[in-house]
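Q: heads up, no residue letters with this:
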């Protein structure tokens, strides 16, 4: 039998901790090359036409990883999510739940011979991981703990980078600092060291100017929030235009909201050391507009748009892949909220044909509109570079 | 009280159930007409641009009912099979309606989970009448009417299997197959070309283990196993543009049909579908099927 070489889909920087964890457990891992328009075109060519963008990008990842020598795929699906109607959310009712099996079919039809390990489908996640790696429970839990912690550090790094980019003196400094930080992080595989790390310290060298940036909240579909290449780098675009960005959901939070099991959920909350609004809280905030779950994070998008408004943000950007079942459903509601609260909401939908130029124009206009609104209200601010 | 039922989505799955139920409870039922041009225009205007045609159409039908009834009925189908669930887009319809029409609309809801109708219908029945036995009776009659409808479908299927004409199977959601305006009368077009048209909803259910979590998809995969074993000469998969469920299901359906070596055509409909284009494709498909029969 040939040696198994694993690969995993890219999802922003979130591949890093899982790669380290897999390596810690003695697996050989090949990371797919960074996503380019070629990756997306490759994935789209082999995927069903009507499937959402994340699926197509992931197929592109696999095909490119195979070229680099991968012969196994690890994918995670949370089959607990969405199972109860009142908590129904996460990837449960939406198409994400079927990604694993459809990927298998598509890869078979594309003529590749690749083995699939779909985690989360069986009764116990840890048991499944053990079967793949052949390592003991304690080692598996330790590797998971390290991965989750690293994920949290990366997400804090990202948050810091969005804050710094909006006020940086020299454009590009933050991006450089971020790259350095990630490089450093790749080598750290110790829970305690990660725990002590101060994510903000990596940005100490970034010179800033004194101005109050615009604050923009980003809601929408989870993959597009995570993977910059799939959203034409809107986060960086906004930062360069002097806007500070906050996303309503990150991978850690998404897992925590719909944990694979109650116990693992509690453990993760402890490792991650973060608190998230309870599902009942989200439901209460969204209730005037949406009284039931529409799968995915549709209800979260509605509630978080209102929460961003209440927290004094200047506007909300809604990202979704074209035809996304939950996000398309809530789009008319976001429009209504925008009207009711007199609050700027821009909804952008992405597919494999979108061009960065088109998105840039719309983002620039959006920022201009918000800025004009702010000027009229007499808030103090300055343009970047002035 | 006048209760409006949009003739779209769930109506095509349970055409008699709800009409009988409300009648028996002593309420007047206002059914929106078959989809027509006016409704289609309203659907395009009020529906979300990236929704599938069927979900747009439900807003067209609700628009028609707005001032014609006191309450609009829109059930919450969480799942019509044990452990499976329905399309999440349906669940949001009442809430979204309030946003798109920008007015307060009174909806009647009935929650159906795991395919169990009784608890939800009883609950709804008690909202509409004070008489518990009347609600119980209406429920029984409604389920009976629906059962009779199912039985008619299966009888039709058995009769069709005995037909001498070449049999074509149509796979798709009930609301796509039976909305003849939206699918440009595809069924009649095939019948005109002397085909026996079997629709997937007439096929008796055949439980089959499947990872597909949507009840439509799950049911279809089971039914396919039953019907593809018969002498089917061609399969037409009918779906709406941007149907999320079909994006996942259709590749598996096509894979299954391919394994039986049966010609398969996937037609995607939207509100712009030109009839000439459809006719060309139907003609070509029928010719392909006939050529294979002769060969």
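A: All right, it came through fine. The shown structure was predicted, so the numbers you read here are calculated from the model rather than taken from an experiment.
Q: Contact partners for residue A:67?
A: Shown in contact with residue A:67 (CB atoms under 8 Å, 6 or more residues apart in numbering or on different chains): no residues. Placement of C-beta: from N, CA and C, glycine included.
Q: Relative to residue A:302, how far out is residue B:99?
A: Between residue B:99 and residue A:302 the distance is 10 Å, computed by CB to CB, to the nearest Å.
Q: got the buried residues for the helix or strand harbouring residue A:316?
A: Of the helices and strands defined by DSSP states H and E, residue A:316 is found in strand A:315-321. In terms of neighbour count (16 or more other CB atoms under 10 Å in any protein chain shown), strand A:315-321 has its buried residues at A:315-321.
Q: And stretch B:214-228, by the same measure?
A: B:214-225, B:227-228.
Q: Mind checking which of these are in helices?
A: Here DSSP state H is the test, and the buried residues of stretch B:214-228 give B:215-225, B:227-228 as lying in helices.
Q: Adding pLDDT and distance to chain A as columns, could you present the residues you listed in JSON lines?
A: Converted to JSON lines, these look like this (pLDDT from 0 to 100; distance: CB to the nearest CB, whole Å):
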{"residue": "B:215", "pLDDT": "86", "distance to chain A": "11"}
{"residue": "B:216", "pLDDT": "88", "distance to chain A": "13"}
{"residue": "B:217", "pLDDT": "89", "distance to chain A": "8"}
{"residue": "B:218", "pLDDT": "89", "distance to chain A": "11"}
{"residue": "B:219", "pLDDT": "90", "distance to chain A": "15"}
{"residue": "B:220", "pLDDT": "92", "distance to chain A": "14"}
{"residue": "B:221", "pLDDT": "91", "distance to chain A": "12"}
{"residue": "B:222", "pLDDT": "91", "distance to chain A": "16"}
{"residue": "B:223", "pLDDT": "92", "distance to chain A": "19"}
{"residue": "B:224", "pLDDT": "92", "distance to chain A": "15"}
{"residue": "B:225", "pLDDT": "91", "distance to chain A": "17"}
{"residue": "B:227", "pLDDT": "92", "distance to chain A": "21"}
{"residue": "B:228", "pLDDT": "92", "distance to chain A": "18"}
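Q: Nearest to residue B:159 among the residues you listed?
A: Of all these, residue B:159 sits closest to residue B:227, with 14.3 Å by CB to CB.
Q: Name the nearest residue to the closest one, sequence neighbours excluded.
A: residue B:203 (4.8 Å; CB to CB, 6 or more residues apart in numbering or on different chains).
Q: For the buried residues of strand A:315-321, name the two members farthest from one another.
A: A:315 and A:321 (21.2 Å).
Q: Can you spell out which helices and strands pack onto the helix or strand hosting residue B:160?
A: Using DSSP H and E, residue B:160 sits within helix B:132-161. Here helix B:132-161 touches helix B:17-24, helix B:118-128, strand B:196-199, going by 3 or more CB pairs under 8 Å, 6 or more residues apart in numbering or on different chains; DSSP states H and E.
Q: winner for burial among these?
A: The highest average neighbour count among the helices and strands packed on helix B:132-161, using mean count of other CB atoms under 10 Å in any protein chain shown, belongs to helix B:17-24 at a mean of 22.
Q: just the angle between it and helix B:132-161, please?
A: Here the directions of helix B:17-24 and helix B:132-161 differ by 140 degrees (axes from the mean of the first three to the mean of the last three CA atoms, to 10 degrees).
Q: Output the contacting helices and strands for the helix or strand following helix B:17-24.
A: Following helix B:17-24 in sequence order, the next helix or strand is strand B:28-31 (DSSP H and E). Applying 3+ CB pairs under 8 Å, 6+ apart, one finds that strand B:28-31 contacts strand B:2-5, helix B:17-24.
Q: want to try TSV for these, with mean pLDDT and distance to residue A:231 as columns?
A: Shown next, in TSV, are these (pLDDT from 0 to 100; distance: least, CB to CB, whole Å):
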stretch	mean pLDDT	distance to residue A:231
strand B:2-5	94	41
helix B:17-24	93	42
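Q: will you turn those into TSV that also has distance to chain A?
A: Output for these, formatted as TSV (distance: least, CB to the nearest CB, whole Å):
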stretch	distance to chain A
strand B:2-5	20
helix B:17-24	19
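Q: quick one: which of the ones you listed is nearest residue B:268?
A: When these are compared (using CB to CB), the closest one is strand B:2-5, at 27.6 Å.
Q: For the residue most central in space within chain B, what are phi and psi?
A: Residue closest to the average C-alpha location in chain B (CA atoms, centre = their mean): residue B:174, at 2.2 Å. Note on residue B:174: its backbone torsions stand at phi -50, psi -40 [degrees, to the nearest 10].
Q: In terms of pLDDT, where does it sit?
A: Residue B:174 carries a pLDDT value of 92.
Q: That one contacts residue B:13, correct?
A: Yes: Residue B:174 lies in contact with residue B:13 (CB atoms under 8 Å); the separation is 4.8 Å.
Q: Give the residues shared as contacts by those two.
A: With CB under 8 Å, 6+ apart as the test, residue B:174 and residue B:13 both reach residue B:201.
Q: can you list the residues of chain B near chain A?
A: Residues of chain B lying close to chain A (CB under 8 Å from any CB of the partner chain) are B:48, B:50-51, B:76, B:78-79, B:85, B:87-89, B:91-92, B:94-96, B:98-100, B:102, B:111, B:113, B:211-213, B:239, B:241-248, B:250-252, B:255, B:268.
Q: quick one: the helix or strand where residue A:61 lies to strand A:315-321, angle?
A: Residue A:61 is part of helix A:53-67 when elements are defined by DSSP H and E. Relative orientation of helix A:53-67 versus strand A:315-321 (the same axes, to 10 degrees): 60 degrees.
Q: if I look at the residue lying closest to residue A:226 once chain neighbours are set aside, how far off is residue A:250?
A: Ranked by CB to CB, 6+ apart and with sequence neighbours excluded, the top spatial neighbour of residue A:226 is residue A:12, at 4.0 Å. Separation of residue A:12 from residue A:250 (CB to CB) stands at 9 Å.
Q: Return every residue with contacts to both of these two.
A: A:158, A:226.
Q: pLDDT score for the residue nearest to residue A:226?
A: For residue A:12, the model assigns a pLDDT of 88.
Q: mind listing what it touches?
A: A:158, A:226-228, A:251.
Q: Appreciated, that's everything.
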